[in-house]
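Chemist: any chance you can model this:
(2 chains)
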There are 2 protein chains.
Amino acid sequence: MPSIAPRDGVMPFAFGLLIAMATLFAQDKPAVPYPDGFRSWTHVKSLIVGPDHESFAKRGGIHHYYANDKAVAGYRTGTFPDGSIIVDEAVVTKDGEGRAQGLVLEGQRRFLDVMLKDSHRYASTGGWGYEHFEPDDTTGRLSGSDQATCSTCHAKAQTDHVFSRIRS
Amino acid sequence: MPSIAPRDGVMPFAFGLLIAMATLFAQDKPAVPYPDGFRSWTHVKSLIVGPDHESFAKRGGIHHYYANDKAVAGYRTGTFPDGSIIVDEAVVTKDGEGRAQGLVLEGQRRFLDVMLKDSHRYASTGGWGYEHFEPDDTTGRLSGSDQATCSTCHAKAQTDHVFSRIRS
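Modeler: Take a look at the predicted model:
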């Protein structure tokens, strides 16, 4: 029966591999989980980022904002409870043709930007975590530095890092 | 004690008054009830009616479509059960200024158009009832003739009088 005792050099290598895998796993986990089912949440408002806006190249299109029930309560009261999630869904536009001439229609989804309130987990970024999902991606891609950039800008919002207001 | 027996001419007058009041009441009832709570229903899709569209004068602005749970099931299956309600909310647009230059923002609500599926009640208009609500109006205004006009056009839709399709 072969020995299963570690040999010199094998154990440190194994530990190193584990740590590397753990790091890889951590990088694959989004800063904020993918917001499953957000399309049935409450539609907060919409806006269109047009060609004359400075962010058009990266953010041009129709933006729909959605809130889960906790975030809806937050919009109403001005205090967002932990668990509040707000989704900014960007959708490219396409011009209608034929009988639809003069309509601006929705095309494919461009990305999702998501913010999740968790006062403890995201204490270093104002109590909100931030993530960005490309189409058909549920793993996210924001680094710690990216999230800090989101937070720095959102900290300028009047109400708890949230710029948008819900339309009645 | 005065007599309460009807005198000639009074009873026909009273009946006439009752009928007139009943007619008035019927006219004040919307063809389809106001869709209370629709802003928390599922957002189906949006489109923008621009200045080059033939309906711009009456319908220009951002249109948001909302569906109650039954209508969501209808979009998914292609068969809309009785009780399905679809709301077309029109909102005027306004151009962003200052830092919002290049954004198209939502202004005030312009109107709601609502359709409600009830195979029996609306049998004469393809199983769907139609109503139009001006802002801050919950009583509706469509005549029977108006509803027939809605129905004639909606009958051209591929799926059970519904033109819109839900975005995933």
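Chemist: let me see the mean pLDDT of the longest strand along chain A.
Modeler: Using DSSP state E, we find that the single longest strand of chain A is strand A:103-117. The predicted model gives strand A:103-117 an average pLDDT of 97.
Chemist: packing partners for that strand?
Modeler: Here strand A:103-117 touches strand A:61-67, helix A:69-77, strand A:85-95, strand A:128-133, strand B:42-49, going by 3 or more CB pairs under 8 Å, 6 or more residues apart in numbering or on different chains; DSSP states H and E. Yep, even glycine has a C-beta here, placed from its N, CA and C like the rest.
Chemist: buried residues in the shortest one?
Modeler: Right, strand A:128-133. For strand A:128-133, the neighbour count (16 or more other CB atoms under 10 Å in any protein chain shown) marks A:128-133 as buried.
Chemist: closest to chain B among the residues you listed?
Modeler: Lowest distance from chain B to the buried residues of strand A:128-133 (CB to the nearest CB) belongs to A:Phe133, with 14.3 Å.
Chemist: show me what the closest one bridges to in the sheet.
Modeler: Note on A:Phe133: beta-bridge partners A:Leu112, judged by DSSP bridges.
Chemist: enumerate every residue touching it.
Modeler: Counting by CB atoms under 8 Å, 6 or more residues apart in numbering or on different chains, A:Phe133 touches A:30, A:34, A:111-114, A:139-141.
Chemist: can we see that at 10 Å?
Modeler: A:30, A:32, A:34-35, A:87, A:89, A:109, A:111-114, A:139-142 (CB atoms under 10 Å, 6 or more residues apart in numbering or on different chains).
Chemist: if we can go back for a sec, as a markdown table, the buried residues of strand A:128-133 with pLDDT would be great.
Modeler: Below are those laid out as a markdown table (pLDDT from 0 to 100):
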| residue | pLDDT |
| --- | --- |
| A:Trp128 | 98 |
| A:Gly129 | 98 |
| A:Tyr130 | 98 |
| A:Glu131 | 98 |
| A:His132 | 97 |
| A:Phe133 | 97 |
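Chemist: out of the residues you listed, who's nearest A:Asp160?
Modeler: Closest approach to A:Asp160 among these (CB to CB): A:Trp128, at 8.1 Å.
Chemist: from the contacts of A:Phe133, which single one is nearest chain B?
Modeler: A:Arg109 (8.2 Å).
Chemist: burial count for the closest one?
Modeler: Using other CB atoms under 10 Å in any protein chain shown as the criterion, A:Arg109 is surrounded by 18 other residues.
Chemist: verify the stated contact: it with A:Thr93.
Modeler: No. A:Arg109 lies out of contact with A:Thr93 (CB atoms under 10 Å); the separation is 11.9 Å.
Chemist: report whether stretch A:134-154 contacts chain B.
Modeler: No. Stretch A:134-154 does not reach chain B (CB under 10 Å from any CB of the partner chain); its nearest approach is 10.8 Å.
Chemist: now do that stretch: distance to the chain's middle.
Modeler: Distance, stretch centre to chain centre, for stretch A:134-154: 6 Å (CA atoms, centre = their mean, to the nearest Å).
Chemist: contacts for it next, please.
Modeler: Contacts of stretch A:134-154 (CB under 10 Å, 6+ apart): A:27-36, A:90, A:108-115, A:122, A:124-133, A:160-163.
Chemist: what are the buried residues along that stretch?
Modeler: Buried, per 16+ other CB under 10 Å, within stretch A:134-154: A:140, A:142, A:147, A:150-151, A:154.
Chemist: a markdown table for the residues you listed, including distance to B:Arg99 and secondary structure?
Modeler: Shown next, in a markdown table, are the buried residues of stretch A:134-154 (distance: CB to CB, whole Å; DSSP: H, G, I helix; E, B strand; the rest coil):
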| residue | distance to B:Arg99 | secondary structure |
| --- | --- | --- |
| A:Gly140 | 28 | coil |
| A:Leu142 | 24 | coil |
| A:Gln147 | 23 | helix |
| A:Cys150 | 17 | helix |
| A:Ser151 | 19 | helix |
| A:His154 | 15 | helix |
